[in-house]
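Enquirer: Fold the stuff below for me.
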Amino acid sequence: MEKASLLIVEDELIVALDLQKSIENDGYIVAGHTDKGEDAILLAGNLHPDLVLIDISLAGEIDGIEAASQIRARFDLPVIFLTEFGNNSVIKRALKAEPYGYILKPYDERELFIAIEMAITKHEMERKLRDSEERYNLAVRGANDGVWDWDLKRNEINYSPRWKAMLGFRENQIGKSPDEWLNRVHLDDLRRLWKNLGLHLKGETPFFECEYRIKDVYGKYVWILTRGLAVRDKEGKAYRMAGSQTDVTARKLAEERMAYGALHDTLTGLANRDFFMEKLSQRLDLAKHHPGSLFAVLFMDIDRFKVVNDSLGHAMGDQLLVGMSRRLQMCLRLEDTICRFGGDEFAVLLHEVKDVNDAIRVSERFQARIKETAVLSSVSRTTSVSIGIVLFNEKYAQPQDILRDADTAMNRAKAKGGGCYQVFDTSMHTKAVELLQLEADMKRAVKNQEWQVYYQPIISMESGEINGIEALLRWMHPQKGLLLPQDFIHEAEDIGLILPIGEFVLETACRQAKVWRDAGFSQLWISVNLSGRQFQDRDLAQKVSRILAETGLPGQSFRLEVTETIAMQDISYSIDVLNELNALGVLVLLDDFGNGYSSLSYLKRFPLRALKIDQSFIQDILVNKNSEAITVAIIAMARSLGLDVIAEGVENEEQNAFLKKIFCDKVQGFLYSKPLPANELTALLVKNFKKTELQ
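Expert: From the prediction side, this is the model:
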C-alpha cells in the first residue's frame, strides 16, 4: 500500500522535528512542514496530503483554527489539531473547523498513531460514501427509482414498482392508500415526517425532505430518504405532490458506526474518555439537584503494563487490555459506566452508592477478578491494578476535579507498591500541589544554579589517609534552606531534570578535584553518584570525556558510582557503558551493594574498581548476625574478584574496629566526617596530610 503523506503545521521547530521522527517511524511520509497558517493553506493546495497535523498557535497572521477551516473548506482535507490548548472556548472554536481529532500535548505516540489512522480511514470512507451516493442518485433518477405520486384531492398515492420492491413487496401487495406508506413508518420518526410534510404543504419550505425508518415486508426497519415537491394551484394551495425515496440504510449504519467510534475505544469496545466525561458531567448535575444521591469514581492503571509491551510486544499488550476490559465489565451493574481512558488507564462511574464502602467492595472485586492468570503468548501472567477512589461531595463543581482527585489517589496506590486501592482525601491534593510547586522550584533552581556540592572523605583503613572523596548534591532552596537529595531527586527523575542537575555535579566535582590535585593532593580521587536516568543516557561516556577534557582532570582521578540495582537492569547495556568509561580511564564503584540481586557470573563481567557495602548492613553490624555475615561474605567475594571494598555509614568506633578486623579496605561516615563544603574539606585534607606525615 502507498504510504500516507502528512503536512505538519507547528511553530516550534524542535516539536516539529520530534513529531516528524515519530510519524516517519510509524511508516508515514512527511510531505512538508511550516510554522505559518498562510503557508499551510498554500502547501495543502499544492501538496494535497492525506492529513494535516496543525497546532493552534502559529507564527503567521492567522492561527491554526482559521487555517484549518480554510483547508477543510477549499481542499476537503482531514485535519487533526495537535496543541497544548485544552480550554473549552478554544475547543468550541476549533470544532467549527470540523477537525478529525483534537490531541493535547504532550501526546502519546500510540494514541497519535491511532488518531491518524482513524482520521485517514474516516475521510476515505466519507469520500467513497459521497461518490457512491452521487452514482446512486444518478442511477435512481435514470431508473425512476422509488417514485411516488400523491393525489391530495383524492388522497391516493401511486407507488412505482421500484418503490414497492425496495420494501420487498410485489406489485399487487401495495394499494393506493397513504397508509401503505405512513403506517409502516417507525413511531419514533412519524411525528418528524408529518411535521416536514405539513411545513411543505403549507408553503413554509421550498421542498419536502425527510429521513426515517420504515418497516419492510420482513418486519425489519430500513432507513429511507424521501424527497418531494408539491404542485400548487393559482391560490398557492397544494393539490398534488410527487417525489422519490432512496434506501440510505448503508449510510445511516456507517454514520452510526462512526458516531459509535467517536465515543468508544476501538480496541476494547468500551466507552472512551469523551463519553465518560459526558456521563460524569450528567451524573454531577443530577447529584447537585439531589443532595442525598451519592456516586463514586474509580480510576485505575495496570501495574507494570510497560513490561508486557516491552517484553512481549504491543499485540500482547492489546490482548491484555481486551481481556481486562471484559473482566472489569463483569463486575459492574448495567447502570454503571466503564471506559478506557487511554493507554492502560480505565475509569469507572458507579452511578449510585450508599457510601464509600460500596466503592471499596467494587474495587476488591476488580482486584480479585483481574488477578486470575492471563496467558499471553506462551507466558502466564498474573495482572494487578492500582485503583484510586473518589466519593462525590458538594465541593466538586466540575467533572475534571473528580477525575483529578481519582488520579491522585491512584498514584498514591501505585506508590504503595500497586495491586491495591486508595480512597482520596484532601491531604493528597495538598501533596500534589506541593509536588507541582517543587517541580516549579526545581526548574528555577536549574536556571539559577541553586545547587551546591558537598564532599565526604573516604578513608584508607590501612594508612588512615584520605584516599578519595564522594561528591554529594545539595539544594540551597531560597525559602527552605539546604535540602538533601532524598527531598527532591525522585521528582527530578520524574520530570526529566536529573540530566542537567547531574551534569552540574559532574562538572563541579571534577573542577574541584583538579583544584585539590594542583594544591598537592595528587593521589586523591573523587567519585560522583549516577542516577538511573544518567546511566541510561547514551551520551554518558561522551559527556564524561568532555568534562574531563575541559577541567583537565585525569580519568584515573575520577570515579563514578552506580547502584547495584541500576547496573543489573540491562546487563548487556551496562557492560557496554562500563567498558566505554573504562576506556577513558574512569573507574566504576558498585554502590549500595548487598541490597540488590547481583549474580556473581554477571558481576565478573563488569569492569569495576570497588564495591560499596550498603550502609544498612554497617549500621546493624554489631546487633544483627545476618548483617555481620553478609558484610564478611561481601569482602571475601570482593577479594576473589580483585576488588576493593568501601563501607558506607560508619558512625562509631565499634563499627570501625570490626571493619578493620575483617580487612575492609576503606570506610566513610560520620565517625570521620560528615559531608562538607569544598573549603572545609580542603582544611580537613591539609590536617589529614600533616597527621599522616607525622605518623
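
Enquirer: If you count neighbours, what's buried in stretch 297-309?
Expert: Within stretch 297-309, the residues scored as buried using 16 or more other C-beta atoms under 10 Å are Val297, Leu298, Phe299, Met300, Asp301, Ile302, Asp303, Phe305, Val308, Asn309. Heads up, the C-betas are built off the backbone N, CA and C, glycines and all.

Enquirer: same question, stretch 520-530
Expert: Residues of stretch 520-530 classed as buried under the neighbour-count rule (16+ other C-beta under 10 Å) are Phe521, Leu524, Trp525, Ile526, Ser527, Val528, Asn529, Leu530.

Enquirer: If you average the pLDDT over that stretch, what comes out?
Expert: Across stretch 520-530, the average pLDDT comes to 92.

Enquirer: same deal with stretch 687-695?
Expert: 62.

Enquirer: can you check stretch 302-314 too?
Expert: 78.

Enquirer: Look at the residue nearest to Tyr107 when sequence neighbours are not counted and give its secondary structure.
Expert: Using C-beta to C-beta, 6 or more residues apart in numbering and skipping the chain neighbours, the partner closest in space to Tyr107 is Leu82 (6.4 Å). Assigned with DSSP: H, G, I helix; E, B strand; the rest coil, Leu82 falls in the strand class.

Enquirer: Could you report the neighbour count for Leu82?
Expert: Leu82 has 22 neighbours, counted by other C-beta atoms under 10 Å.

Enquirer: Wait, it touches Leu51, no?
Expert: No: in this structure, Leu82 is not within contact of Leu51 by C-beta atoms under 8 Å, at 11.0 Å.

Enquirer: before we move on, back to that, could you give the bridge partners of the residue nearest to Tyr107?
Expert: Ile103 (DSSP bridges).

Enquirer: who's in contact with Phe558?
Expert: By C-beta atoms under 8 Å, 6 or more residues apart in numbering, Phe558 lies in contact with Cys510, Ala513, Trp525, Ile526, Ser527, Val528, Val544, Leu548, Gly585, Val586, Leu587.

Enquirer: what bridges to Lys385?
Expert: Let me fix one detail, which is that residue 385 is Val and not Lys. Per DSSP bridges, the residues bridged to Val385 are Ile302.

Enquirer: sorry, back to before: got a markdown table for the buried residues of stretch 520-530, with distance to Phe504 and secondary structure too?
Expert: Shown next, in a markdown table, are the buried residues of stretch 520-530 (distance: C-beta to C-beta, whole Å; DSSP: H, G, I helix; E, B strand; the rest coil):
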| residue | distance to Phe504 | secondary structure |
| --- | --- | --- |
| Phe521 | 23 | coil |
| Leu524 | 21 | coil |
| Trp525 | 20 | strand |
| Ile526 | 15 | strand |
| Ser527 | 16 | strand |
| Val528 | 11 | strand |
| Asn529 | 13 | strand |
| Leu530 | 13 | coil |
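
Enquirer: Distance to Arg257 added to those, as a markdown table?
Expert: Output for those, formatted as a markdown table (distance: C-beta to C-beta, whole Å):
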| residue | distance to Arg257 |
| --- | --- |
| Phe521 | 76 |
| Leu524 | 73 |
| Trp525 | 68 |
| Ile526 | 66 |
| Ser527 | 62 |
| Val528 | 59 |
| Asn529 | 56 |
| Leu530 | 53 |
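
Enquirer: and the closest residue in space to Glu580 that isn't next to it in sequence, what helix or strand is that in?
Expert: Of all residues not flanking Glu580 in the chain, Ala541 sits nearest, at 3.8 Å (C-beta to C-beta, 6+ apart). Per DSSP states H and E, Ala541 falls inside helix 540-551.

Enquirer: now the angle between strand 525-529 and that helix, please.
Expert: 140 degrees (axes from the mean of the first three to the mean of the last three C-alpha atoms, to 10 degrees).

Enquirer: so what secondary structure elements neighbour helix 540-551?
Expert: helix 498-518, strand 558-563, helix 571-583 (3 or more C-beta pairs under 8 Å, 6 or more residues apart in numbering; DSSP states H and E).

Enquirer: Comparing those, which stretch has the densest surroundings?
Expert: Comparing those by mean neighbour count (mean count of other C-beta atoms under 10 Å), strand 558-563 ranks first with a mean of 22.

Enquirer: Hmm, Ala4 is touching Ala31, no?
Expert: No: between Ala4 and Ala31 there is no contact under C-beta under 8 Å: 9.6 Å.

Enquirer: Would you map the strands across the stretch 551-695 of the chain?
Expert: Using DSSP state E, counting those that start in this stretch, the strands of the stretch 551-695 of the chain run over 558-563, 587-593, 610-613, 644-647, 666-667.

Enquirer: Dump those strands into JSON lines; add distance to Cys420 and mean pLDDT as well.
Expert: JSON lines is the format used below for the strands of the stretch 551-695 of the chain (distance: least, C-beta to C-beta, whole Å; pLDDT from 0 to 100):
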{"stretch": "strand 558-563", "distance to Cys420": "27", "mean pLDDT": "92"}
{"stretch": "strand 587-593", "distance to Cys420": "27", "mean pLDDT": "88"}
{"stretch": "strand 610-613", "distance to Cys420": "33", "mean pLDDT": "90"}
{"stretch": "strand 644-647", "distance to Cys420": "37", "mean pLDDT": "93"}
{"stretch": "strand 666-667", "distance to Cys420": "40", "mean pLDDT": "94"}
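
Enquirer: For those strands, give me JSON lines that also has distance to Ser57.
Expert: What follows is the strands of the stretch 551-695 of the chain, written out as JSON lines (distance: least, C-beta to C-beta, whole Å):
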{"stretch": "strand 558-563", "distance to Ser57": "42"}
{"stretch": "strand 587-593", "distance to Ser57": "45"}
{"stretch": "strand 610-613", "distance to Ser57": "50"}
{"stretch": "strand 644-647", "distance to Ser57": "53"}
{"stretch": "strand 666-667", "distance to Ser57": "57"}
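
Enquirer: Quick check: which of those is nearest to Leu193?
Expert: Distance to Leu193, taken as C-beta to C-beta, is lowest for strand 558-563 among the strands of the stretch 551-695 of the chain, at 74.2 Å.

Enquirer: Please provide the alpha-carbon coordinates for the closest one, formatted as CSV.
Expert: Provided in CSV are the C-alpha atoms of strand 558-563 (Å, rounded to 0.1, in the frame of the first residue of the first chain):
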residue,chain,number,x,y,z
PHE,A,558,37.7,10.3,38.6
ARG,A,559,35.2,7.6,39.6
LEU,A,560,31.6,7.0,39.1
GLU,A,561,29.2,5.3,41.5
VAL,A,562,26.4,3.1,40.1
THR,A,563,23.9,1.3,42.3
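
Enquirer: just use 4 as the starting number from now, easier for me
Expert: Sure, I'll start counting at 4 from here, so that last one is strand 561-566.

Enquirer: So, low pLDDT: which residues of the stretch 554-698 of the chain?
Expert: Where the stretch 554-698 of the chain drops to pLDDT under 70, the residues are 598-604, 693-698.

Enquirer: give me that answer again for 90
Expert: 566-577, 593-612, 615-634, 636-637, 639-645, 666, 690-698 (pLDDT under 90).

Enquirer: And the helices in it, which stretches?
Expert: 567-570, 574-586, 603-606, 618-622, 628-644, 656-664, 681-697 (DSSP state H, counting those that start in this stretch).
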